[in-house]
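> pasting a predicted model and its sequence here:
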Amino acid sequence: MLRFFGIGWLAGLVLVCCSVYSATAQSTDPIEKYSAEGQQALAQGNYAGAEAAFEKLRDLEPSVAEVHANLGVIYFQERKFELAVSALRQALKLKPALPKTDAMLAMSLSELGRYTEALPGLEKCFRRSTDSPLKRMCGLQLLRAYPGLRRDSKAVEVALELNRLYPDDPEVLYHTARIFGSAAFLNMQKMAQVAPASVWRHQAEAEAYESQGSNDAAISEYRQVLSVDHRRAGIHYRIGRTLLARSRQSNTPEDVATAAKEFAQELEVDPGNANAAYELGEMHRTAGELGDAQKFFSQALQYYPDFGEAQLGLASVLMSLQKPDLALPHLLKAVALNAGNEVAWYRLSQVQGMLGHEAEQKKAFAEFQRLRNQKSSQQEAGKQIFSPDEVTPQQLDSKAPQ
């Protein structure tokens, strides 16, 4: 359920209403009494009490638009949307330019599923409003209205704009994710209908299985892609990556060996696949085959100079070859690319020490310790730290402080 305005927004309408009463010469004790009761009830979140007070005000002052507007918002909060529509329409009839009321009416209509009626007001609010909370709520309602009218492409447009405007809002992220997921599902359904045997269908299925951790199914679908187009770029790499994931789950060394073959085949199809070159470089590095490791890391960086993990991998090889002067620029590059990578700072501290740069070594090690402590604190606080890496990330050496 989408819930919209809290007491703060309600109070804005109440203040407008009260200013009307203080400006008229017809104020009487009952009006002041019910106005005060309504405001107090709203401040306490007592919508039933607020409803009773404002209904009495409406009976006493039926020509005051603000009373109807307040009642409309109160009804909305109580999910009495039919009553909200009636009250808000009466408010606009009495005062067409009453602020925010047309947006509130549109949202009430949307809650009732009357999307065609709601759409003009929601679109106007989302496009023109300078009130950020109101704009946000109209946008969220559009994420209901557009799919309800089978205008899915418009829903995706609004979802993208909401993510831009409110990038850290969990409710926005939840609802926009649903829109994106729905759009992806519909596209997949259509692909299955129009091209069930195409490489695109098999590749999409494979990627979906891979994201779910269904490695066997993913590999099978990737093989289907190659059966249709045996030189399709990127597929051998994805098979190799999935094999590595399976090997980590089941501890099967043969999967690692097969993955290496897949990465090598990928480079035959596409020598510029830096990820495949990197994975081969890392395999040779961990096996102590430094010459081959240097070759593949260098190949990865030839095509992708800003590949931070490859910079770290090559630096590690050069350190093992006792060439700290050659490793240094790669580590400085890695730190510049990702200043939050603790592995980069640790290896930089090692190289600075090897070069006899004591001050630089201490500075790099202090930053490594800061990042290490920060990571430990986040883990203790229960925060999940992960990254959906496209490649195997570089790890701290076994001798590094834990």
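Arrived safely.
> contacting residues around stretch 348-365?
Stretch 348-365 is contacted from outside by 315, 319, 324-325, 327-328, 331-332, 334-335, 345-346, 368, using C-beta atoms under 8 Å, 6 or more residues apart in numbering. Placement of C-beta: from N, CA and C, glycine included.
> and if we set it to 6 Å?
Contacts to stretch 348-365, defined as C-beta atoms under 6 Å, 6 or more residues apart in numbering, come from residues 324, 327-328, 331, 345, 368.
> make JSON lines out of these and add neighbour count, distance to Arg246 and pLDDT.
Output for the contacts of stretch 348-365, formatted as JSON lines (neighbours: other C-beta atoms under 10 Å; distance: C-beta to C-beta, whole Å; pLDDT from 0 to 100):
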{"residue": "Pro324", "neighbour count": "19", "distance to Arg246": "37", "pLDDT": "97"}
{"residue": "Ala327", "neighbour count": "26", "distance to Arg246": "33", "pLDDT": "97"}
{"residue": "Leu328", "neighbour count": "20", "distance to Arg246": "37", "pLDDT": "97"}
{"residue": "Leu331", "neighbour count": "28", "distance to Arg246": "32", "pLDDT": "97"}
{"residue": "Trp345", "neighbour count": "24", "distance to Arg246": "32", "pLDDT": "96"}
{"residue": "Phe368", "neighbour count": "23", "distance to Arg246": "32", "pLDDT": "94"}
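> so which of the residues you listed are in helices?
Those of the contacts of stretch 348-365 mapping onto helices are 324, 327-328, 331, 345, 368, per DSSP state H.
> any idea which of those residues is closest to Glu161?
Glu161 lies nearest to Trp345 out of these, by C-beta to C-beta, at 38.2 Å.
> could you say which helix or strand contains Val391?
Using DSSP states H and E, Val391 maps to neither a helix nor a strand.
> can you give me the helices in the stretch 301-402 of the chain?
For the stretch 301-402 of the chain, helices defined by DSSP state H, counting those that start in this stretch occupy the ranges 308-320, 324-337, 342-354, 358-380.
> save the ones you listed as JSON lines, and put in distance to Glu37 too.
Below are the helices of the stretch 301-402 of the chain laid out as JSON lines (distance: least, C-beta to C-beta, whole Å):
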{"stretch": "helix 308-320", "distance to Glu37": "63"}
{"stretch": "helix 324-337", "distance to Glu37": "62"}
{"stretch": "helix 342-354", "distance to Glu37": "60"}
{"stretch": "helix 358-380", "distance to Glu37": "49"}
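> comparing the ones you listed by mean pLDDT, which bottoms out?
Here the helices of the stretch 301-402 of the chain differ in mean pLDDT, and the lowest is helix 358-380 at a mean of 86.
> mind listing what's buried in that helix?
Buried residues in helix 358-380, counted by 16 or more other C-beta atoms under 10 Å: 360-361, 364-365, 367-368, 371-372.
> would you turn the residues you listed into CSV with distance to Ala264?
As requested, those are arranged in CSV below (distance: C-beta to C-beta, whole Å):
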residue, distance to Ala264
Glu360, 39
Gln361, 38
Ala364, 35
Phe365, 38
Glu367, 37
Phe368, 34
Leu371, 35
Arg372, 36
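> now, among those residues, which is nearest to Leu134?
Checking the buried residues of helix 358-380 against Leu134 with C-beta to C-beta, the nearest one is Leu371 at 41.1 Å.
> surely that closest one meets Ala344?
No. Counting by C-beta atoms under 6 Å, Leu371 sits too far from Ala344 to count as a contact (9.5 Å).
> can you give me the end-to-end distance of stretch 266-281?
By C-alpha to C-alpha, to the nearest Å, the extent of stretch 266-281 from end to end equals 14 Å.
> residues in contact with that stretch: which ones?
For stretch 266-281, contacts defined as C-beta under 6 Å, 6+ apart pick out 231, 233, 236-237, 263, 293, 296-297, 299-300, 303-304, 307, 310, 313, 390-391.
> how far does that stretch sit from its chain's centre?
Mean-position distance between stretch 266-281 and its chain equals 30 Å (C-alpha atoms, centre = their mean, to the nearest Å).
> before we move on, what about stretch 132-139?
In terms of C-alpha atoms, centre = their mean, the centre of stretch 132-139 is found 19 Å from the chain centre.
> same question for stretch 226-236.
31 Å.
> can we start the residue count at 7 from this point?
Sounds good: first residue 7 from here, last item stretch 232-242.
> from Tyr121, how far off is Pro176?
Distance of Pro176 to Tyr121, computed by C-beta to C-beta, to the nearest Å: 25 Å.
> which one among the contacts of stretch 354-371 gets closest to Leu146?
Nearest to Leu146 out of the contacts of stretch 354-371 is Trp351 (C-beta to C-beta; 41.9 Å).
> any weak-confidence spans in this protein?
7-34, 191-192, 194, 382-395, 406-408 (pLDDT under 70).
> try 50 this time
Scanning the chain for pLDDT under 50 picks out the ranges 7-17, 19-33, 389-394.
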